[in-house]
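> what shape does this take:
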Amino acid sequence: MIVSCNFYWKIVSEKICLLKFFNILQSFFIILYSSICLCRSSVCLCRSSENGWLIELTILFLYSYNYNTTKMTQKPNLSFMQLWNLSFGFFGVQIAYALQSANISRIFATLGADPHSLSYFWILPPLMGMIVQPLVGTWSDKTWCRWGRRKPYLYLGAIVAVLVMALLPNSGNFNLTFKAAMAFGLVMLMLLDTSINMAMQPFKMMVGDMVNEQQKAKAYSIQSMLCNAGSLVGYLFPYLFTWFGISNIAPEGVIPDSVTYSFYVGAAILLLCVFYTGVNVKEMPPQEYAKFHNIKAEDKEEQQNLFTLLIHAPKAFWQIGLVQFFSWFAFLYMWNYTTGAIAENVWGTTNTASAEYQAAGNWVGVVFAVQAIGSVLWAIVLPMFRNIKVGYALSLLLGAAGFISIYFVHDQYLLFISFLLIGCAWAAMLAMPFALLTNSLSGKAIGAYLGLFNCTICLPQIIAALLGGVILAMVGGAQVMMLVVAGVSLILGAVAVAFIREKR
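Numbering: from 1, shown residues only. Now for the predicted structure:
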């Protein structure tokens, strides 16, 4: 018996020296509890060989060790500056995205697009996002080179975005025919959204790759803050440049300098921000990544295409996707019709070449900035909700009230209230879906799943764009009524929140 005990402890001591104190303590209690259960369960144990119980405990102890080292291995804590550097480039990317969101309808309307066909120009951006982001997620999951795993796609997207941002606002300056100018603008819009999507996705993935569970909320909060700050700057650029004396009017079919210079400066900031993140962030090498995400050799060899991943997607993926459908359906109409709605409802004009219409275009940037401020403020309130679904649904209902109220507002400053409420919905849309979804995902193929989840953002925008002209005709051609439709869509989204089941 003494020999057996010595043999037992000799084996186990080799494991003990590898365990941290917490793991040893947890293993002890597992052994204690298991041994009590064994003693109570059957007298057969007493009739077994003299050393049988020692073998049982050895197996339990070694199992406990493997359980602890598998489950308790986690990524190290990052300092605030490391978390900041990880997402800082998002500030520049979001400036580009805000400039696109606030000014694309204005640009194409200035080039001469008919309001009833204006929504069709918004098909390309989400379509490209639907194609590009899953591919970037899948490819980057399998990439490793001297520049990292996700960063090569970040660099490529940023470089293309900078070039396109220099060309898009000049669509009316090349002495092209109307059709040629529209075609050139469409190609530039397609390339801009493709490149922004390619540059945006790596930031979300790097947080998932490098930040532990305890710090993820903080990391995404920093990213959300930089996102909203970038939006604020991008939305305000045309208004600020006009205030500084840069011309806000131009000949018919030409984009005003206030918009053109906004794109130039935004492109420069984007390049600097991405370069800053690239220099200051070092991604995990493959071995370290596999260790922290419990990826085994057989997992790496397992090949799953996007369709297979969709088939095996957790239920939460589809339940949250339904809410996403109604939410992004609504916001496509905000980006598409706000300029025309405000120009007609507040400034009383539909003439795209008039100073009033261009002033309304600048004011759209201001109210979108107010929306970003509302989003930041509401993001502080959201964590106070004990029930995340209640906070999510309430946020969408407040956004719906904001959209519908625009119909009754004819003063440019009262619009601030409407867009503060819309900011509540936007804050929830940026945070809640990812918070609910990431709890149901493992470390394997996380990039691919996040890319696929982007389809729940892009597909509703495509459908909304295809139906935009038809719905506009049904509501009498008044663009402000499209914002009422957006409000109704958010109400449906709030109802759909009830169907989400928060389970892994």
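
> C-alpha only now, for contacts and for neighbours.
Will do.

> ok, G423 - contacts?
V370, Q371, A372, I373, G374, S375, V376, W378, G399 (C-alpha atoms under 8 Å, 6 or more residues apart in numbering).

> out of the residues you listed, which comes closest to A268?
The closest of those to A268 turns out to be A372 (C-alpha to C-alpha; 21.9 Å).

> quick check: the closest one vs Y235, distance?
Plainly put, A372 is 9 Å away from Y235 if you go by C-alpha to C-alpha, to the nearest Å.

> list the helices and strands the strand or helix carrying C273 packs on?
Using DSSP states H and E, C273 falls within helix 257-280. In terms of contacts (3 or more C-alpha pairs under 8 Å, 6 or more residues apart in numbering; DSSP states H and E), helix 257-280 is packed against helix 80-111, helix 151-167, helix 213-243.

> coming back round to it: flag whichever of the contacts of G423 scores worst on pLDDT.
The member of the contacts of G423 with the lowest pLDDT is V376, at 84.

> what number of residues lie near that one?
Counted with other C-alpha atoms under 10 Å, the neighbours of V376 add up to 22.

> where does it sit, in terms of helix or strand?
Assigning secondary structure by DSSP H and E places V376 in helix 355-381.

> point out where the stretch 251-400 of the chain drops to low pLDDT.
Applying pLDDT under 70 to the stretch 251-400 of the chain picks out residues 289-290, 292-306.

> go again using 80 as the cut-off
Along the stretch 251-400 of the chain, the model assigns pLDDT under 80 to residues 284-314, 316, 383.

> what number of residues lie near A250?
Neighbour tally, A250, other C-alpha under 10 Å: 16.

> coming back round to it: okay, A372 and Y235: which has more neighbours?
Y235 (31 against 28).

> from F307, how far out is the more buried one?
Counting by C-alpha to C-alpha - Y235 and F307 are separated by 37 Å.

> quick check, pLDDT for the closest residue to L396 other than its chain neighbours.
Of all residues not flanking L396 in the chain, A425 sits nearest, at 4.6 Å (C-alpha to C-alpha, 6 or more residues apart in numbering). Here the pLDDT value assigned to A425 is 95.

> give the contact list for A425.
Going by C-alpha under 8 Å, 6+ apart, A425 touches S375, S395, L396, L397, L398, G399.

> now for the residues you listed, which pair is the farthest apart?
S375 and L397 (14.2 Å).

> of those two, give the one with the bigger neighbour count.
Taking neighbours as other C-alpha under 10 Å, S375 and L397 compare with S375 leading, 27 against 24.

> and that one, what does it touch?
By C-alpha under 8 Å, 6+ apart, the contact set of S375 is N228, L420, G423, C424, A425, W426, A427.

> which SS class is the fifth one?
Looking back up the chat, that one is A425. Here A425 takes the helix state, with states given by DSSP: H, G, I helix; E, B strand; the rest coil.

> just the second one next, same as before
Here L420 takes the helix state, with states given by three-state DSSP.

> next, count neighbours for it.
L420: 26 surrounding residues under other C-alpha under 10 Å.

> do you know how far it is from L492?
Between L420 and L492 the computed distance is 20 Å (C-alpha to C-alpha).

> circling back: save the contacts of G423 as TSV, and put in distance to Y155 too.
Shown next, in TSV, are the contacts of G423 (distance: C-alpha to C-alpha, whole Å):
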residue	distance to Y155
V370	31
Q371	29
A372	26
I373	29
G374	31
S375	28
V376	28
W378	32
G399	35
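
> pick the one among those residues closest to L167.
Nearest to L167 among these: A372, at 26.9 Å, using C-alpha to C-alpha.

> I'd guessed that closest one sits against C227; true?
No: here A372 lies out of contact with C227, judged by C-alpha atoms under 8 Å, at a distance of 9.1 Å.

> helix/strand/coil for R501?
What three-state DSSP gives for R501 is coil.

> now it. Nearest residue, chain neighbours left out?
The spatially closest residue to R501, leaving aside those adjacent along the chain, is A316, at 6.5 Å (C-alpha to C-alpha, 6+ apart).

> how does this protein divide into domains?
Taking automatic domain parsing as the domain assignment, the ranges for the chain are 2-71, 89-281+313-499.

> roughly how far out does the helix holding V376 sit from the chain middle?
Centroid displacement of helix 355-381 relative to its chain, using C-alpha atoms, centre = their mean, to the nearest Å, is 20 Å.

> report the inter-axis angle for that helix versus helix 213-243.
160 degrees (axes from the mean of the first three to the mean of the last three C-alpha atoms, to 10 degrees).

> CA-only coordinates of the following helix or strand past helix 355-381 in CSV, if you can.
Sequence-wise, the next helix or strand downstream of helix 355-381 (DSSP H and E) is helix 388-405. Taking Å, rounded to 0.1, in the frame of the first residue of the first chain, the C-alpha atoms of helix 388-405 are listed here in CSV:
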residue,chain,number,x,y,z
ILE,A,388,-30.3,43.0,-22.5
LYS,A,389,-33.3,42.3,-24.6
VAL,A,390,-35.4,44.9,-22.8
GLY,A,391,-32.7,47.5,-23.5
TYR,A,392,-32.4,46.4,-27.2
ALA,A,393,-36.2,46.6,-27.8
LEU,A,394,-36.6,49.9,-26.0
SER,A,395,-33.8,51.4,-28.0
LEU,A,396,-35.4,50.4,-31.3
LEU,A,397,-38.7,51.9,-30.2
LEU,A,398,-37.1,55.2,-29.3
GLY,A,399,-35.5,55.2,-32.7
ALA,A,400,-38.9,54.5,-34.3
ALA,A,401,-40.3,57.6,-32.5
GLY,A,402,-37.5,59.7,-33.8
PHE,A,403,-38.0,58.7,-37.4
ILE,A,404,-41.8,59.2,-37.3
SER,A,405,-41.5,62.6,-35.6
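
> identify the residues contacting helix 388-405?
So helix 388-405 is contacted by 327, 382, 385, 417-428, 432, 483-491, 493-495, 497-498 (C-alpha under 8 Å, 6+ apart).

> are any of the residues you listed buried, and which?
327, 382, 417-428, 432, 483-491, 493-494, 497 (16 or more other C-alpha atoms under 10 Å).

> ok, the nearest residue to A496 once chain neighbours are set aside - contacts?
Leaving aside its chain neighbours, A496 sits nearest to V323 (5.5 Å; criterion: C-alpha to C-alpha, 6+ apart). V323 sits next to G493, A494, A496, V497 when contact means C-alpha under 8 Å, 6+ apart.

> quick one: what helix or strand has the second one in it?
Per DSSP H and E: A494 is located in helix 479-496.

> for that helix, packing partners?
Here helix 479-496 touches helix 315-345, helix 388-405, helix 455-474, going by 3+ C-alpha pairs under 8 Å, 6+ apart.

> list the contacts for F325?
So F325 contacts T456, I457, L459, P460, G493 (C-alpha under 8 Å, 6+ apart).

> again, 10 Å this time
Taking C-alpha atoms under 10 Å, 6 or more residues apart in numbering, we find F325 in contact with 455-461, 463-464, 489-490, 492-493, 496.

> that concludes my questions; thank you for your assistance.
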